[in-house]
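Participant: pasting the structure only:
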């Protein structure tokens with residue numbers, strides 16, 4: 001299924017930065033250097049993570065769980081932005097507060113499956129769960 005934007009021509013809502021632009025800005029704030037290609041940058045990040053895992057057992061143990069929680073939040077935010085909705089609009093449709101939507105997108109730990117399903121429905125999507 002492909003996401004389509006609900007934006008109409010002349011929509012007054014501001015355009016959001018793309019996920020790549022936000023990721024790049026965050027990486028720059030953390031001190032990453034961008035001189036080469038995106039593949040080089042990803043390679044540098046992977047090298048950093050591997051080195052950190054090797055020297056920090058607690059980081060290694062918690063890395064995968066943290067990454068999965070982060071990835072869920074990124075997917076929620078990306079789907080919302082592609083649907084052309086703000087956090088406030090999603091919150092109104094879910095009868096909750098904007099801060100709850102922000103928390104789901106930025107700290108996705110312990111989000112109920114029923115909540116994820118409702119979130120997807122608001123975006124006109126279906127939730128697909130896979131166990132591998």
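Facilitator: Structure received. Predicted, not measured: the structure shown is a model, and the values here were computed from it.
Participant: Can you list the low-confidence ranges for the protein?
Facilitator: Scanning the chain for pLDDT under 70 picks out the ranges 1-42.
Participant: Which stretches in it count as helices?
Facilitator: Assigned by DSSP state H, the chain shows helices spanning 19-29, 38-55, 57-82, 87-93, 98-106, 113-122.
Participant: How about residues contacting the fifth one?
Facilitator: Contacts of helix 98-106 with the rest of the structure, by C-beta atoms under 8 Å, 6 or more residues apart in numbering, involve 73-74, 76-77, 80, 87-88, 90-91, 94, 111, 115, 119. For the C-beta atoms, the positions are set from N, CA and C on the backbone; glycine is no exception.
Participant: what about 10 Å?
Facilitator: 69-70, 72-81, 85-94, 96-97, 109, 111, 115-116, 119, 122 (C-beta atoms under 10 Å, 6 or more residues apart in numbering).
Participant: So how do I select the buried members of these in ChimeraX?
Facilitator: In ChimeraX syntax, the buried subset of the contacts of helix 98-106 is picked out as below (16 or more other C-beta atoms under 10 Å):
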select :69,72,73,74,76,77,79,80,81,85,87,89,90,91,94,111,116,119,122
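Participant: that older thread, how about CSV for the helices of the chain, with distance to residue 130 added?
Facilitator: Below are the helices of the chain laid out as CSV (distance: least, C-beta to C-beta, whole Å):
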stretch, distance to residue 130
helix 19-29, 22
helix 38-55, 24
helix 57-82, 12
helix 87-93, 24
helix 98-106, 20
helix 113-122, 13
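Participant: Distance check, the spatially closest residue to residue 76 that is not a sequence neighbour against residue 118.
Facilitator: Distance criterion C-beta to C-beta, 6 or more residues apart in numbering; nearest residue to residue 76, sequence neighbours excluded, is residue 105 at 5.1 Å. Going from residue 105 to residue 118 by C-beta to C-beta, to the nearest Å gives 14 Å.
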